[in-house]
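1. A structural model of the following input is requested.
(one chain, ligands or ions: 2)
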Amino acid sequence: MRVVLKLGTSVLTAGTDRLHRPRLVDLLRGMADIRAAGHEVVLVTSGAVLAGWEALGFPPRDRTLAEKQLLAAVGQGRLMHLYASIADLYGVPVAQVLLTADDFRDRTRYLNARTTLDGCLARGVLPIINENDAVAVEQIKVGDNDTLSAFVANLAEADLLVILTDAPGLYTADPRSDPAATLIPVVERVTPDIWALAGGAGSHRGTGGMHTKIQAAEIATRAGTPVVIAPGDAENALARIVGGEALGTRFLAHGSRLEARKRWILAEIATGRVVLDDGAARAVRERGGSLLPAGITAVHGPFERGHTIRLLAPDGHEVARGLTRYRAADLERIAGRHSRDIEGVLGFTYGPEAVHRDDLVRL
Ligand SMILES: Nc1ncnc2c1ncn2[C@@H]1O[C@H](COP(=O)(O)OP(=O)(O)O)[C@@H](O)[C@H]1O
Ligand SMILES: N[C@@H](CCC(=O)OP(=O)(O)O)C(=O)O
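-> Ligands and ions are numbered 1, 2, ... in the order given. Here you go, the predicted model:
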C-alpha cells in the first residue's frame with residue numbers, strides 16, 4: 001500500500017510546548033516498520049511554526065502572517081534536521097519537499113512534483129512534505145496541512161491517507177468541551193450532518209481543528225482514497241491502521257482510485273489531438289497499452305504536458321483519451337521515432353511513453 005501520513009503539530013508536541021523527541025522516535029519507528037513490511041510512506045508534517053517558536057525562546061504569540069512565516073523559516077530546517085537524524089537511526093533516508101497551492105494548480109509543476117515523489121519512493125527515500133510557509137502568502141497558500149495532505153494523497157495516488165491528531169477520531173461533538181461525545185467509527189459519506197460535528201479551530205497550537213480534517217477526508221475520498229483519522233498517541237497506530245484494525249474514524253472512498261482518475265480524465269476539456277498508426281491504435285484499443293511516440297503520425301496542438309488529448313485512429317475515429325507527458329511542440333519532434341531517441345532529440349526526457357497506460361481511458 002502507498003500511505004500518506006499526516007502528523008499535526010498536536011501530535012509532534014504530545015501536549016507540550018516543544019517538539020517531543022521521544023514521540024518523534026516512536027512515529028519514525030512506526031513508519032520504518034510499515035516500510036519494512038513492504039508499504040510506501042509519504043509524510044506530510046506540520047510543526048515548522050512551533051519549531052521556530054521553540055528555537056527563538058517562545059516569544060509572545062503573534063498570529064500575523066509575517067510572524068508565522070518568520071517562525072516557519074526558522075523552524076523548518078530544525079524540524080527537518082530532527083526528522084533526518086532520527087530517521088537515520090532506522091536507516092531511512094529522507095527528502096524535504098515544500099509545496100504551495102500553485103504546485104497543485106499548475107499542471108507542469110504538479111507533474112514535476114509527482115515525478116519527484118515517485119523518484120523518492122522508487123529509491124526508498126521517505127519524502128517529508130510541508131507547506132512552503134516562508135513564501136506562501138495568503139493568496140497562494142493551501143492554508144492548512146490537513147487539506148495539503150489530501151492534495152498530496154491525490155498527487156501520490158495513495159491507497160490510504162492517515163491523519164494522526166490529538167483526538168481519538170471524529171466524535172459526535174468536540175470531546176474537549178463535551179464529555180458525553182462518542183466516537184464515530186465509520187463515515188460512509190461526508191454529509192452536512194458530518195460537517196456539523198466539527199467544532200472551532202482546534203487546539204491552540206494546531207490549525208483548523210476537525211473542520212479541515214473533514215474537508216481533507218472529503219477531497220481524498222472523492223478521488224478514491226480512504227481516510228483514517230486516529231490518535232497519534234496510540235501505540236503502533238500506523239501499523240495497526242495499515243493492518244486493517246478499526247482505530248479512530250475511517251472514511252470510505254467513493255469507488256476506486258482508478259475509476260476516479262478516469263472520471264477526471266474524461267471530465268477534462270480535450271482540444272489537442274494526435275493521430276496514431278494502425279499498430280498503435282490497435283494496441284491502445286485492444287490492450288489498453290501505452291502510446292509510444294513511435295506510433296504517432298500527426299500532432300494537432302497546441303497542448304501542454306499534462307493536458308488531456310484525444311487519440312485518433314488513422315481513419316479519424318477517437319479510440320481513447322489520455323494525459324500527455326509531452327507538450328505538442330515536443331511531440332511533433334519525436335513523433336514516429338523510437339523512445340530511445342527522445343533525449344537526443346529534445347535534450348531531456350519525461351520517459352518513453354507519450355501517454356502512459358495509467359493515464360489513458362479507452363472509449
Ligand atoms: N467532533 C470532533 N471530534 C473530535 N475532535 C474535535 C471535534 N471537533 C473539534 N475537535 C477538536 O479538533 C482538535 C484537533 O485539531 P488540531 O488541534 O488542529 O490538531 P492537529 O494539530 O493535529 O491538526 C481536537 O483536539 C479537538 O479538540
Ligand atoms: N505548515 C504549518 C502547519 C499548518 C497546520 O495545518 O498545522 P496543524 O493543524 O498542526 O496540522 C507548520 O509547519 O507549522
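
2. List the residues that contact the closest residue to A136 other than its chain neighbours.
-> Nearest residue to A136, sequence neighbours excluded (C-beta to C-beta, 6 or more residues apart in numbering): T100, at 4.4 Å. For glycine as for every other residue, the C-beta is placed from the backbone atoms N, C-alpha and C. T100 is in contact with E131, N132, V135, A136, I140, K141, V142, counting by C-beta atoms under 8 Å, 6 or more residues apart in numbering.

3. Can you tell me how far T100 is from D106?
-> Noted for T100: a distance of 10 Å to D106, by C-beta to C-beta, to the nearest Å.

4. ok, now R61?
-> Computed as C-beta to C-beta, the R61 to D106 distance reads 34 Å.

5. the more surrounded of those two?
-> More crowded of R61 and D106, by other C-beta atoms under 10 Å: D106, with 14 against 10.

6. Which pLDDT value goes with the more buried one?
-> On the pLDDT scale, D106 is placed at 82.

7. ditto for G232
-> G232 carries a pLDDT value of 96.

8. Quick check: closest non-adjacent residue to it.
-> G232 sits nearest to V11 (C-beta to C-beta, 6+ apart), 3.2 Å away.

9. Make sure the one you found is actually in contact with A167.
-> No: with contact defined as C-beta atoms under 8 Å, V11 does not count as touching A167 (10.4 Å).

10. Give me the buried positions along stretch 343-358.
-> T349, Y350, E353, A354, V355, H356, R357 (16 or more other C-beta atoms under 10 Å).

11. Include distance to ligand 2 when you put those into CSV, please.
-> As requested, the buried residues of stretch 343-358 are arranged in CSV below (distance: C-beta to the nearest ligand atom, whole Å):
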residue, distance to ligand 2
T349, 34
Y350, 30
E353, 35
A354, 37
V355, 35
H356, 32
R357, 36
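
12. Spit out the contact partners of the residue sitting nearest the centre point of the chain.
-> Centroid check for the chain by C-alpha atoms, centre = their mean gives V152 as the closest residue, at 1.2 Å. By C-beta under 8 Å, 6+ apart, the contact set of V152 is V4, V42, V44, L99, I129, A158.

13. I140 now?
-> Taking C-beta under 8 Å, 6+ apart, we find I140 in contact with T100, A101, D102.

14. Tell me the residues of the stretch 51-200 of the chain that contact ligand 1?
-> Residues of the stretch 51-200 of the chain lying near ligand 1 by C-beta under 6 Å from any ligand atom: T165, D166, A167, L170, Y171, A173, D174, P175, R176, L197, A198, G199.

15. And the first one, its phi and psi?
-> Backbone torsions of T165, given as degrees, to the nearest 10, read phi -150, psi -170.

16. Roughly how far does R18 sit from E54?
-> Distance of R18 to E54, computed by C-beta to C-beta: 5 Å.

17. Have a look at those two and say which one is more surrounded.
-> E54 (20 against 13).

18. ok, the more buried one touching R21?
-> No: with contact defined as C-beta under 8 Å, E54 does not reach R21; the gap is 11.5 Å.

19. that older thread, as TSV, the contacts of T100 with pLDDT and secondary structure would be great.
-> As requested, those are exported to TSV (pLDDT from 0 to 100; DSSP: H, G, I helix; E, B strand; the rest coil):
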residue	pLDDT	secondary structure
E131	96	strand
N132	95	coil
V135	87	coil
A136	77	coil
I140	74	helix
K141	86	coil
V142	90	coil
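
20. tell me the two of those that are most distant?
-> The largest distance within these, taken as C-beta to C-beta, falls between V135 and V142 and amounts to 12.7 Å.

21. State the phi and psi torsions of the residue in the stretch 251-363 of the chain that ligand 2 sits nearest to.
-> Closest to ligand 2 within the stretch 251-363 of the chain is F251: 17.5 Å, counting by C-beta to the nearest ligand atom. Here the main-chain torsion angles of F251 (degrees, to the nearest 10) amount to phi -100, psi 120.

22. beta partners for it?
-> Note on F251: beta-bridge partners by DSSP bridges are V187, V227.

23. can you tell me how far it sits from T172?
-> F251 sits 16 Å away from T172, going by C-beta to C-beta.

24. Same drill for those two, tell me which one is more crowded.
-> Remark: of F251 and T172, F251 carries more neighbours, 27 against 12, as counted by other C-beta under 10 Å.

25. residues in contact with that one?
-> With C-beta under 8 Å, 6+ apart, F251 has these contacts: V186, V187, V190, A217, A220, T221, P226, V227, V228, I229.

26. what's the farthest-apart pair in those?
-> For the contacts of F251, the farthest-apart pair by C-beta to C-beta is V186 and A220; their separation is 15.3 Å.

27. Now do the one helix or strand the residue nearest to G232 maps to, average pLDDT.
-> V11 belongs to helix 9-13 when elements are defined using DSSP states H and E. For helix 9-13, mean pLDDT is 96.

28. Can you name the element that comes right after that helix?
-> The helix or strand immediately downstream of helix 9-13 is helix 21-36, counting by DSSP H and E.
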